[in-house]
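Chemist: Okay, structure incoming, though there's no sequence with it:
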């Protein structure tokens, strides 16, 4: 697994800004990279563990007040297969002839990251990253009608990020 990661990382780092197919240059390499990233044995925490350790070391070496800024980003993707990505939200695109709103489903990922920096704006890098889709949170509005959201433990909420 480590050799595959090193190979994929080398291909991607040589082609910064390009997608996986362009970075891998052939179908076999592209398929291998996609297989690697979709493996249950691979997680973003493992891939980024070296980055997080370096951030920890910079944090301990820094003096003064340290800020940790959090951000949740919603990268949207257009795919022909609807099952590949989670539902982020539904948007009204136009009205039908009958005057009813036509909804368009926006699909993508959610990314929450934590940036560590000093008061002088010196970035100490990323301290945490979490990716998820809303497949696991499907039906939240219906759930709110049956369960009081203030009674649900934080560990079971999306906001636990």
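Modeler: Thanks, I have the structure now. Predicted model, so just to flag it, every value in this text is computed and none were measured.
Chemist: Do you have the helices of the chain handy? List them.
Modeler: For the chain, the helices defined by DSSP state H occupy 2-13, 20-24, 27-38, 44-47, 49-61, 140-146.
Chemist: what's the angle from the third one to helix 2-13?
Modeler: This points to helix 27-38. Using axes from the mean of the first three to the mean of the last three CA atoms, to 10 degrees, the inter-axis angle of helix 27-38 relative to helix 2-13 is 110 degrees.
Chemist: For helix 27-38, name the packing helices and strands.
Modeler: For helix 27-38, the packing partners by 3 or more CB pairs under 8 Å, 6 or more residues apart in numbering; DSSP states H and E come out as helix 2-13, helix 20-24. Heads up, the C-betas are built off the backbone N, CA and C, glycines and all.
Chemist: Return the most buried member of the ones you listed.
Modeler: helix 20-24 (a mean of 17; mean count of other CB atoms under 10 Å).
Chemist: picking up where we left off before, got the helices of the chain as JSON lines, with mean pLDDT and distance to residue 91 columns?
Modeler: Compiled in JSON lines, the helices of the chain are given as follows (pLDDT from 0 to 100; distance: least, CB to CB, whole Å):
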{"stretch": "helix 2-13", "mean pLDDT": "82", "distance to residue 91": "32"}
{"stretch": "helix 20-24", "mean pLDDT": "87", "distance to residue 91": "28"}
{"stretch": "helix 27-38", "mean pLDDT": "87", "distance to residue 91": "28"}
{"stretch": "helix 44-47", "mean pLDDT": "81", "distance to residue 91": "28"}
{"stretch": "helix 49-61", "mean pLDDT": "92", "distance to residue 91": "34"}
{"stretch": "helix 140-146", "mean pLDDT": "64", "distance to residue 91": "15"}
